[in-house]
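K.L.:
below: sequence and its predicted model.
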There are 2 protein chains.
Amino acid sequence: MGEITIKQLAQILKVSTATVSKALRDSHEIGAATKKRVQDLAKSLNYSPNPFASGLRRHKSNTIAVILPEIANNFFAQAVNGIDEVAREKGYHLLIYLSHDSSEREAFFLNDLLSRRVDGLLMSISFDASDFTHLDAIQQKLPTVFFDRTYEGSLLHVTNNDFESAFDATRHLYECGCRNIAFLSAFQTLKTGDQRFKGYLSALKHCGLPFKDELIVHCNNNKNDSYTRIRELMTEIKPDGIVSSIEKLAKQCYYVCNELEINIPGDVKIVSYSNLDSASLLNPPLTTITQQAFEMGKEAATILFKVLKNSNYKADSKILNAELIKRRSTDIINI
Amino acid sequence: MGEITIKQLAQILKVSTATVSKALRDSHEIGAATKKRVQDLAKSLNYSPNPFASGLRRHKSNTIAVILPEIANNFFAQAVNGIDEVAREKGYHLLIYLSHDSSEREAFFLNDLLSRRVDGLLMSISFDASDFTHLDAIQQKLPTVFFDRTYEGSLLHVTNNDFESAFDATRHLYECGCRNIAFLSAFQTLKTGDQRFKGYLSALKHCGLPFKDELIVHCNNNKNDSYTRIRELMTEIKPDGIVSSIEKLAKQCYYVCNELEINIPGDVKIVSYSNLDSASLLNPPLTTITQQAFEMGKEAATILFKVLKNSNYKADSKILNAELIKRRSTDIINI
DNA sequence: TTGAAAGCGTTACCAC
DNA sequence: GTGGTAACGCTTTCAA
């Protein structure tokens, strides 16, 4: 049974529960002999401490929460792997909440987490966020590290070099001959999206290309909607290059191009933020801005545990570099 | 503050903690007026119950654990989505554990879960499992539903029609002209892998093809190892068809074929169990046996909650049909 | 309809 | 070095 308690161990060994508790936690105030007796018995009886009792007493859960927009996405999945690595090493448990890019759900989760169920929170903000009061509130009450999708007010966070990587991607298209470069925008209310957009703008300027409003496509959470908008872009504006700020949209570009028989990279070159591990197997292989997903999760978790250990850290951050991996979707085609 | 307690509410309202507790849980033994007073105050003070205290008292956590081989895999990620949907609806929390296909880690997690931290468990067994005593033990002590990767001894489970789907895939290759069909095997110690293998064998027989040992490649957890073995298969045995029992291995086939300049589907046709959502964008688009990943998670969770509600269910199961989606990787090429 | 009090299993304080 | 005991915040008898 998993029903053995400290009290029972104490009875069997004819010592107090206090002694057992201390012996189990390897306290120095217990003699080596008793310590061994206790530990041996605990092991042989398969004792395992009740996390609720100790959580209640110690005001500590050994659990952290992770709030993600989605999990069926290689970036977030790998980030979870990174988080898991750190958490596991610290003996922590991982509670997962999926917002499905709804800030309403997000708010619900945040509210729930105020119950001191967890010691800390790692979070990547949902797509349609616009009101950040919940986020402001949570960071005051619970150690919270934002990663990837952060907002202006975040105290602790791990981000990409979003501005620079978007700049580089756009310039890369320019260097490959594109003069009419579209930008597929998402979550521009978040710092992350904003920075990517600014990087794009800055690169246009740097390359001497004019900014044209019709080249910007604001995509939302709705799959069909985005598809339609991208299709419109391709039929009406006909850009010769596309920078996609998220992977989902790049895939939709591929589908649209398939449907309309537009050749990539002949008619249009595409580069996208993406951690798709099959990017090189696509037709054509997709040029990606690949984020350090695993590292990002790992860094975020590391910062969180630093704060958990020493609550003086009020602000800390880290920037990881996303890498532009050039593949055939941006190849220069000689006719 | 998230620090309001029942005791404080009771003091403010000059009632007992018992009354407050009951009022909050909307008990019928409390008068409507007091009930309202309590609930209003609780709301205005942003009271949220301490989950450790109630968990300790009620021996119930409102949390379920999910043990997965990996998360950076579309199948498991979608399964988690399905699980999440059901759990959220029931107001449950989700604890995630990644075994990374190590049965050692798995055993560690299982042991930990004996602490009554969770009310139930959903699990997909790791790749290299061979000793099932831990699994036998856990299902006796904790309501546990296995999904996808199950084992012979599992009481509650949700599986694919593994035998039939492997049969159909193999026959499909035969019908496309393949006469030398290789099978990439994984987790054959599990029921899932075993059934897929048997489906393959049965289809060979059905089609009048001989079984040849050298056409079976046993792949393990090590990426380089598997790559080498597949490479050997392709250079030495040169099959004209491949059935891959997991997605990972199919990707490796693509890489090997790229390296060796083997044409798919001209030289070899490939079909794989896979939930890759970019399967149709690959070069060439991959014929897949696509599992109902989301449904699988959902069904598994549903069974678990049925058991949680009514502990009489000692055995229950469900089989979901995987679908063969034919794409270019198995096209018949006319020369 | 309400309340007093016992406990859930653990830890921490203080006395010995 | 060891033990008694009061808490942690909540739920659940049982009595009023």
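P.N.:
Thanks, I have the structure now.
K.L.:
in the stretch 151-300 of chain A, what residue spans correspond to helices?
P.N.:
A:162-175, A:191-207, A:223-232, A:247-260, A:293-309 (DSSP state H, counting those that start in this stretch).
K.L.:
can I get these in CSV with distance to residue A:29, mean neighbour count and mean pLDDT?
P.N.:
Placement of C-beta: from N, CA and C, glycine included. Formatted as CSV, these follow (distance: least, CB to CB, whole Å; neighbours: other CB atoms under 10 Å in any protein chain shown; pLDDT from 0 to 100):
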stretch, distance to residue A:29, mean neighbour count, mean pLDDT
helix A:162-175, 52, 22, 98
helix A:191-207, 50, 20, 97
helix A:223-232, 62, 15, 92
helix A:247-260, 55, 20, 95
helix A:293-309, 23, 22, 97
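K.L.:
so which of those helices is nearest DNA strand D?
P.N.:
helix A:293-309 (18.9 Å; CB to the nearest atom of the strand).
K.L.:
packing partners of that closest one?
P.N.:
helix A:74-89, strand A:120-123, strand A:144-147, strand A:156-160, strand A:316-320 (3 or more CB pairs under 8 Å, 6 or more residues apart in numbering or on different chains; DSSP states H and E).
K.L.:
so can I have TSV of these showing mean neighbour count, mean pLDDT and distance to residue B:205?
P.N.:
What follows is the helices and strands packed on helix A:293-309, written out as TSV (neighbours: other CB atoms under 10 Å in any protein chain shown; pLDDT from 0 to 100; distance: least, CB to CB, whole Å):
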stretch	mean neighbour count	mean pLDDT	distance to residue B:205
helix A:74-89	23	97	39
strand A:120-123	26	98	52
strand A:144-147	28	98	53
strand A:156-160	25	97	54
strand A:316-320	15	95	54
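K.L.:
mind putting the ones you listed into JSON lines with distance to residue B:213?
P.N.:
Formatted as JSON lines, these follow (distance: least, CB to CB, whole Å):
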{"stretch": "helix A:74-89", "distance to residue B:213": "36"}
{"stretch": "strand A:120-123", "distance to residue B:213": "49"}
{"stretch": "strand A:144-147", "distance to residue B:213": "49"}
{"stretch": "strand A:156-160", "distance to residue B:213": "49"}
{"stretch": "strand A:316-320", "distance to residue B:213": "48"}
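K.L.:
of the helices of the stretch 151-300 of chain A, which is nearest DNA strand C?
P.N.:
helix A:293-309 (15.4 Å).
K.L.:
and the closest one with strand A:156-160, angle?
P.N.:
On the basis of axes from the mean of the first three to the mean of the last three CA atoms, to 10 degrees, helix A:293-309 is oriented at 170 degrees to strand A:156-160.
K.L.:
now do helix A:293-309: distance to the chain's middle.
P.N.:
11 Å (CA atoms, centre = their mean, to the nearest Å).
K.L.:
what's the answer for stretch A:38-52, then?
P.N.:
Remark: stretch A:38-52 is offset 37 Å from the chain centroid, using CA atoms, centre = their mean.
K.L.:
can you measure across it, start residue to end residue?
P.N.:
Terminal residues of stretch A:38-52 are spaced 22 Å apart (CA to CA, to the nearest Å).
K.L.:
that older thread, out of the helices of the stretch 151-300 of chain A, which gets nearest to residue A:19?
P.N.:
Among these, the nearest to residue A:19 by CB to CB is helix A:293-309 (28.4 Å).
K.L.:
what's in contact with the closest one?
P.N.:
The contact list for helix A:293-309 (CB atoms under 8 Å, 6 or more residues apart in numbering or on different chains) reads A:64, A:74-87, A:90, A:119-122, A:143-148, A:156-158, A:160, A:275, A:313, A:316-318, A:320.
K.L.:
what's the neighbour count on residue A:178?
P.N.:
Using other CB atoms under 10 Å in any protein chain shown, residue A:178 has 23 neighbouring residues.
K.L.:
in TSV: the helices of the stretch 151-300 of chain A, plus distance to residue B:271.
P.N.:
Below are the helices of the stretch 151-300 of chain A laid out as TSV (distance: least, CB to CB, whole Å):
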stretch	distance to residue B:271
helix A:162-175	36
helix A:191-207	38
helix A:223-232	27
helix A:247-260	21
helix A:293-309	29
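K.L.:
closest to residue A:57 out of those helices?
P.N.:
Nearest to residue A:57 among the helices of the stretch 151-300 of chain A is helix A:293-309; the distance by CB to CB comes to 18.0 Å.
K.L.:
can you tell me which residues in chain A are near DNA strand D?
P.N.:
Residues of chain A found near DNA strand D (CB under 7 Å from any atom of the strand) are A:14-19, A:22, A:28-31, A:33-35, A:53, A:56-57, A:59.
K.L.:
buried only: go through those for me.
P.N.:
Among the residues of chain A next to DNA strand D, those buried by neighbour count (16 or more other CB atoms under 10 Å in any protein chain shown) are A:15, A:19, A:22, A:30, A:35, A:56.
K.L.:
phi and psi next, for the fourth one.
P.N.:
When quoted as degrees, to the nearest 10, the phi and psi of residue A:30 stand at phi -120, psi 140.
K.L.:
average pLDDT for stretch A:325-335, rounded please.
P.N.:
Averaging pLDDT along stretch A:325-335 gives 89.
K.L.:
in a strand, residue A:67, correct?
P.N.:
Yes: looking at residue A:67 with DSSP: H, G, I helix; E, B strand; the rest coil, it is inside a strand.
K.L.:
report the contact partners of it.
P.N.:
For residue A:67, the contacting residues are A:97, A:98, A:99, A:106, A:109, A:110, A:121, A:122, A:123, A:124, by CB under 8 Å, 6+ apart.
K.L.:
tell me which element the fifth one falls in.
P.N.:
In this structure, residue A:109 sits in helix A:103-113 according to DSSP states H and E.
K.L.:
for the first one, same thing?
P.N.:
Residue A:97 is part of strand A:93-98 when elements are defined by DSSP H and E.
K.L.:
check the offset of that strand from the chain's centre.
P.N.:
Centroid displacement of strand A:93-98 relative to its chain, using CA atoms, centre = their mean, is 12 Å.
K.L.:
near chain B at all, it?
P.N.:
Yes: using CB under 8 Å from any CB of the partner chain, strand A:93-98 reaches chain B at A:93, A:94, A:95, A:96, A:97, A:98.
K.L.:
report the buried residues of that strand.
P.N.:
Residues of strand A:93-98 classed as buried by neighbour count (16+ other CB under 10 Å): A:93, A:94, A:95, A:96, A:97, A:98.
K.L.:
chain center to stretch A:257-275: distance?
P.N.:
On CA atoms, centre = their mean, the centre of stretch A:257-275 falls 26 Å from that of its chain.
K.L.:
give the buried residues for it.
P.N.:
A:257, A:262, A:264, A:265, A:268, A:269, A:270, A:271, A:272, A:273, A:274, A:275.
K.L.:
contacts only, for residue A:27.
P.N.:
Under the criterion of CB under 8 Å, 6+ apart, residue A:27 has no neighbours.
K.L.:
re earlier: so which of the residues of chain A next to DNA strand D belong to strands?
P.N.:
For those, not one is inside strands, with DSSP state E as the criterion.
K.L.:
keep only those residues that also lie close to DNA strand C.
P.N.:
Taking CB under 7 Å from any atom of the strand as the test, DNA strand C is in contact with A:17, A:18, A:53, A:56, A:57 out of the residues of chain A next to DNA strand D.
K.L.:
my read: residue A:76 touches residue A:82, true?
P.N.:
No: at 10.5 Å, residue A:76 and residue A:82 do not qualify as touching, with contact defined as CB atoms under 8 Å.
K.L.:
tell me the domain ranges of chain A?
P.N.:
With domains defined by automatic domain parsing, chain A comprises A:6-49, A:59-159+A:293-320, A:162-291+A:324-330.
K.L.:
centre of the chain to the last one, how far?
P.N.:
Think domain A:162-291+A:324-330. Mean C-alpha position of domain A:162-291+A:324-330 versus that of the full chain (CA atoms, centre = their mean) differs by 21 Å.
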